[in-house]
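Q: following is a predicted model, sequence given first.
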Amino acid sequence: MKRFFAVVVICALTLGVECTNVLSYDLPSLNLGFTSFIDGTPPAGPGHYFTQWVQYYNSKRLTDEDGDPILPGFADEELNAWISLTQYIYQSNQELLFGGKWGIDVIIPAVSLDLEYGVPNNFNFPEDNNGGIGDLLIGPLLQWDITMGEKGPIFVQRIEFQLIFPTGKYDDNRALNPGSNFFSFNPYWAGTLFLGPKWEVSTRIHYLWNDENDDPNNGALHDSQAGQAIHANFAFSYDLLPKRMRIGLNGYYLKQITDTKFDGHDVSGRREQRLAIGPGILYSFSGDNHLFLNTFFETASENISEGKRISLRWVLHF
């Protein structure tokens, strides 16, 4: 997910003048880069799945609406985050609607945050809330069977109605939190197109709607509501060792499409954007045991941190 922390930052300041919390990064933690190859289907059909992610994120640049640094150069900020996601999926073999087979997805995140500066923080720069449990994700889903052709699989898809509940650790006096303190609805469609026996292209496209935060970081506000957004993961891969190893490229894109609201009023200049791409590899120990390693390098960021991330994902079917 974009990050399992909500960055609420700031500012307009000049050298030697204290910075106040008048701006912020608003969107909740999202799935940006956590999924990649063969995303339109679980790797082994119906049954129970356990998935464990470990992701490292590093950023030395917090950006404003123009993509420029939001903090002065002397701040020398660096954000490090370790993110753990523990997921359980049950995929049934029972058709429910339009041929789709029902399932359920549950994800529990945990986060370690560390935001440091090259100077003493005498300017009211944003601070982290250390680490803790993030917001719980639950999603009922519909999975369709693979469409087969004369030479093998052609296409497969899934939809999920993902709900993000504000169960994570949150402190309105801290800018970086494991939890967002508001409910979000984040449904998606995922599909994989097989381009012959070796190549595949996958994508997962989300829409995001956010409820109000009744305890925002800015103490002058009664409530805030993050804007709506569209975000997507995309990947293509080549079957280097049949049924054993895939290599390819993977990426993600985020675009906030409506303004954030403060006390019910739109606030311009806060829409978030982020793009990343990098290499990845999938190694299958067996048909039920898979390991993904994906890297991402961010660019074109606006109103958000910009950096790099490494994601390790283990999937077990039982």
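A: Great, that's in hand.

Q: neighbours of Met148, how many?
A: 12 (other C-beta atoms under 10 Å). Quick note: C-beta positions are derived from backbone N, CA and C, even for glycine.

Q: just the pLDDT at it, thanks.
A: Reading off the confidence values, Met148 has pLDDT 95.

Q: next, the buried residues of stretch 95-104.
A: Gly100, Lys101, Trp102, Gly103 (16 or more other C-beta atoms under 10 Å).

Q: pipe these into a markdown table and attach distance to Asp64 and pLDDT per row.
A: Output for the buried residues of stretch 95-104, formatted as a markdown table (distance: C-beta to C-beta, whole Å; pLDDT from 0 to 100):
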| residue | distance to Asp64 | pLDDT |
| --- | --- | --- |
| Gly100 | 43 | 98 |
| Lys101 | 46 | 98 |
| Trp102 | 44 | 98 |
| Gly103 | 41 | 98 |
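
Q: tell me which of these fall in helices.
A: If you go by DSSP state H, the buried residues of stretch 95-104 have nothing in helices.

Q: restricted to strands, list the residues you listed.
A: Gly100, Lys101, Trp102, Gly103 (DSSP state E).

Q: now, which of those sits nearest Lys60?
A: Here the nearest of these to Lys60, counting by C-beta to C-beta, is Gly103; it sits at 39.8 Å.

Q: correct me if wrong: the closest one contacts Tyr90.
A: Yes: contact criterion C-beta atoms under 8 Å: Gly103 and Tyr90 qualify, at 5.7 Å.

Q: what ranges do the helices span in the stretch 101-250 of the chain?
A: Under the criterion DSSP state H, counting those that start in this stretch, the stretch 101-250 of the chain contains no helices.

Q: show me where it has its strands.
A: Using DSSP state E, counting those that start in this stretch, the strands of the stretch 101-250 of the chain run over residues 131-133, 136-143, 147-149, 152-160, 163-165, 176-177, 184-185, 188-195, 199-210, 212-213, 224-225, 229-241, 245-256.

Q: so which of these gets nearest Leu96?
A: Among the strands of the stretch 101-250 of the chain, strand 136-143 sits nearest to Leu96 (C-beta to C-beta), with 6.5 Å.

Q: the closest one pairs with which strands, parallel or anti?
A: Taking DSSP bridges as the criterion, strand 136-143 forms sheet pairs with strand 100-116 (antiparallel), strand 152-160 (antiparallel), strand 163-165 (antiparallel).

Q: just put these in CSV and tack on distance to Ile133.
A: Formatted as CSV, those follow (distance: least, C-beta to C-beta, whole Å):
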stretch, distance to Ile133
strand 100-116, 6
strand 152-160, 22
strand 163-165, 12
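
Q: tell me how many other residues surround Glu150.
A: 5.

Q: what's it sitting at in phi/psi?
A: With angles defined as degrees, to the nearest 10, Glu150 sits at phi -60, psi -30.

Q: list the contacts for it?
A: With contact set as C-beta atoms under 8 Å, 6 or more residues apart in numbering, Glu150 has no partners.

Q: grab the longest strand from this protein for me.
A: strand 78-97.

Q: if you count neighbours, what's buried in that one?
A: Buried residues in strand 78-97 (16+ other C-beta under 10 Å): Leu79, Asn80, Ala81, Ile83, Ser84, Leu85, Gln87, Ile89, Gln91.

Q: tell me the bridge partners for the third one.
A: Beta bridges link Ala81 to Tyr57, Leu113 when assigned by DSSP bridges.

Q: all numbers from here: first residue = 15
A: Fine by me, first position is 15 from now on; the one you just mentioned is Ala95.

Q: centre of the chain versus stretch 159-175, how much separation?
A: 25 Å (C-alpha atoms, centre = their mean, to the nearest Å).

Q: please read the previous query as pertaining to stretch 153-169.
A: Stretch 153-169 sits 25 Å away from the centroid of its parent chain (C-alpha atoms, centre = their mean).

Q: thinking Tyr63 is in contact with Ile103, fair?
A: Yes: between Tyr63 and Ile103 there is a contact at 4.1 Å, judged by C-beta under 8 Å.

Q: common neighbours of those two, please.
A: The contact sets of Tyr63 and Ile103 overlap at Pro56 (C-beta under 8 Å, 6+ apart).

Q: circling back to that earlier point, in terms of mean pLDDT, which of the strands of the stretch 115-264 of the chain ranks lowest?
A: strand 190-191 (a mean of 88).

Q: quick one, phi psi at Glu286?
A: Per degrees, to the nearest 10, the backbone of Glu286 is at phi -90, psi 150.

Q: and if you look at Phe88?
A: According to degrees, to the nearest 10, Phe88 has phi -70, psi -10.

Q: surely it meets Gly132?
A: Yes: under the criterion of C-beta under 8 Å, Phe88 makes contact with Gly132 at 7.1 Å.
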